[in-house]
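Enquirer: Attaching a predicted model along with its sequence, questions to come.
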Amino acid sequence: MQGEPTVQGEPAVHDELMALAERLVAAGEQPAPPCPDAVNAAMVRHWTQALGDASGAWEDVAPPAMIQVWSMPGLGAKKAGSVADDPLRLLNENGYTGVVATNCDQTYDRYVKVGERLRSTMRFGGVAGPKRTAMGEGYFVTWFQSWYDEDDRRVAEMLFRVLKFQPKRRGGGGRPSGAKPGKYPLRPTIGLDTRYFWDGVDDGELRVQSCADCGALRHPPGPMCPECHSTNRTYTKASGRGVVHSFVVHHHPPVPGRTPPYVVAVVELEEGVRILGNVIGCEPSEVEVDMPVRVVFQHMDDELVLPQWTPSDAPDPEPPAEEAEPDGLRIELTPTFVIATALATRDFTPVHHDTELARAQGSKDIFVNILTSIGLVQRFALETVPGGELESIRVRLGVPAYAGDTLTLTGERADDRTLTVRGAVSLGDHLTATVTFTEGEAR
């Protein structure tokens with residue numbers, strides 16, 4: 001997101017923001033609000049249960065990726081003293097009301113023990129922007145936080161970066177009347193003529209209707225064969241590969257559940273029939289006629305799966321469980337999981353709990369918070385390297401991990417101390433991360 005081109009912002013707001021940022025950087029390290037609770041077993045248990053960490057490794061110490069949880073103020077608590085408060089407030093007052101975390105780098109000097117009471121400090125890192133991003137025009141705001149034990153020895157440090165942006169307008173301002181919270185609003189009408197097709201989608205198959213007498217294929221499905229006029233119908237499983245026959249890039253009017261611009265294409269299958277669908281996994285400008293594509297099955301919510309198209313050489317956004325890499329970890333992002341993990345990390349930002357407010361900020365649904373993302377990276381790293389002791393986790397977020405999707409974590413050992421992690425959802429890479437283990441601990 002940070003590689004997007006710089007744009008011309010409001011000069012008065014920009015100048016005031018940059019002057020404020022310069023003063024805050026010069027002020028250096030400042031005391032942060034006190035940690036409301038000592039490190040305790042109950043919060044550790046809630047966190048590990050919500051994130052699915054069943055290792056049982058955290059009886060006497062807290063998971064290191066929990067470090068920010070100990071200083072989160074909680075619901076209804078008075079939040080004061082953060083070095084980022086004034087820049088974030090200034091941006092909010094000038095229309096940059098959307099917020100999404102983009103980076104979190106944590107370094108651990110040691111694991112903290114149950115019963116310890118921590119204090120933290122903050123220092124301001126800076127502001128970059130305005131920049132155009134997929135979410136809207138915005139500014140990147142960076143700060144650092146450090147945690148100390150009762151003997152004033154540092155136990156951890158974190159870089160945290162957020163994007164404050166002007167939400168793009170979503171025509172209609174919310175979900176359509178009658179749509180259920182957390183459900184994708186556009187749902188197919190399934191009848192006797194089409195049930196075979198949607199049953200196939202649920203099973204990960206692209207089915208094409210065929211004549212039971214002459215074998216001719218046809219799509220869309222119909223009651224009678226156009227070749228021999230037989231009404232006897234069956235279907236065949238298609239290869240799921242084809243080329244773009246034609247396409248349009250949709251900009252307007254607004255469509256519920258879709259954020260323009262997006263590509264709607266007619267795909268000609270290897271079997272000869274043509275099928276309509278969206279092209280995902282690449283920018284609209286990259287789509288062209290005769291581009292080879294393949295089908296992928298995208299989970300839109302807990303119940304609905306849609307066939308979509310992606311470039312043939314693009315990575316599979318949602319591989320079936322049996323095709324996942326041996327070290328892969330699949331997380332079903334149910335609405336319950338998204339909300340429960342946000343609460344377990346003491347993050348009460350509405351975009352992780354309230355579908356209406358998430359959509360009002362330009363999101364299609366609630367999505368996983370960055371504290372959960374870094375916690376899942378920790379879980380995956382320690383399941384991949386049993387007995388390893390973490391020195392740092394550096395996470396960069398990509399596309400949102402929405403409720404109803406599936407997050408697949410895979411990794412690769414760069415060397416004895418380093419693990420690179422990729423977390424993919426149907427939209428692409430949700431995160432990339434680098435995990436470092438202490439020397440001599442990684443096995």
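Expert: Cool, got the structure.
Enquirer: hey, C-alpha coordinates of the helix or strand of the chain with the lowest mean pLDDT in CSV?
Expert: Here the helix or strand of the chain ranked lowest by mean pLDDT, DSSP states H and E is helix 355-360, holding a mean of 83. Presented in CSV, the C-alpha positions along helix 355-360 are these (Å, rounded to 0.1, in the frame of the first residue of the first chain):
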residue,chain,number,x,y,z
THR,A,355,-20.7,-4.8,9.8
GLU,A,356,-22.6,-1.6,9.2
LEU,A,357,-19.7,0.6,10.5
ALA,A,358,-17.2,-1.4,8.6
ARG,A,359,-19.0,-0.8,5.4
ALA,A,360,-19.5,2.8,6.1
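Enquirer: so what does that helix touch, helix or strand wise?
Expert: Based on contacts counted as 3 or more Cβ pairs under 8 Å, 6 or more residues apart in numbering; DSSP states H and E, there is no element that helix 355-360 packs against. In short, each C-beta sits where N, CA and C put it, glycine included.
Enquirer: how far is that helix from where the chain is centred?
Expert: A distance of 16 Å separates the centroid of the chain from that of helix 355-360, by Cα atoms, centre = their mean, to the nearest Å.
Enquirer: Stretch 49-62 now?
Expert: 23 Å.
Enquirer: what's it in contact with?
Expert: Applying Cβ atoms under 8 Å, 6 or more residues apart in numbering, the contact partners of stretch 49-62 are 39, 41, 44, 47-48, 63, 70, 111-114, 331, 337, 340-341, 343-344, 372, 375-376, 379, 382-383.
Enquirer: Could you identify the longest helix within this structure?
Expert: helix 11-27 (DSSP state H).
Enquirer: List the contacts of stretch 93-102.
Expert: For stretch 93-102, the surrounding residues in contact (Cβ under 8 Å, 6+ apart) are 1-2, 10, 13, 88, 135-136, 138-140, 160-167, 349, 351, 361-362, 369-370, 396-397, 400.
Enquirer: Give me the buried entries from those.
Expert: Among the contacts of stretch 93-102, those classed as buried by 16 or more other Cβ atoms under 10 Å are 1, 13, 88, 135-136, 138-140, 160-167, 351, 361-362, 369-370, 396-397, 400.
Enquirer: picking up where we left off before, only alpha carbons, please: show the longest helix of the chain as PDB.
Expert: The C-alpha coordinates for helix 11-27 follow below in PDB (Å, rounded to 0.1, in the frame of the first residue of the first chain):
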ATOM      1  CA  PRO A  11      -2.300  22.400   1.900                       C
ATOM      2  CA  ALA A  12      -3.500  23.800   5.200                       C
ATOM      3  CA  VAL A  13      -4.200  20.300   6.700                       C
ATOM      4  CA  HIS A  14      -1.000  18.900   5.200                       C
ATOM      5  CA  ASP A  15       1.200  21.700   6.600                       C
ATOM      6  CA  GLU A  16      -0.400  21.600  10.000                       C
ATOM      7  CA  LEU A  17       0.000  17.800  10.200                       C
ATOM      8  CA  MET A  18       3.600  17.800   9.100                       C
ATOM      9  CA  ALA A  19       4.500  20.600  11.600                       C
ATOM     10  CA  LEU A  20       2.800  18.600  14.400                       C
ATOM     11  CA  ALA A  21       4.600  15.400  13.400                       C
ATOM     12  CA  GLU A  22       8.000  17.200  13.400                       C
ATOM     13  CA  ARG A  23       7.300  18.500  17.000                       C
ATOM     14  CA  LEU A  24       6.300  15.000  18.200                       C
ATOM     15  CA  VAL A  25       9.400  13.300  16.700                       C
ATOM     16  CA  ALA A  26      11.600  15.900  18.400                       C
ATOM     17  CA  ALA A  27       9.900  15.200  21.800                       C
END
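Enquirer: What segments of the stretch 51-200 of the chain are strands?
Expert: Secondary structure of the stretch 51-200 of the chain (DSSP state E, counting those that start in this stretch): strands located at 98-108, 119-132, 137-148, 154-165.
Enquirer: wait, what's in contact with Ser120?
Expert: Contacts of Ser120 (Cβ under 8 Å, 6+ apart): Ala32, Cys35, Ser71, Gln145, Ser146, Trp147, Tyr148.
Enquirer: Lovely, talk soon.
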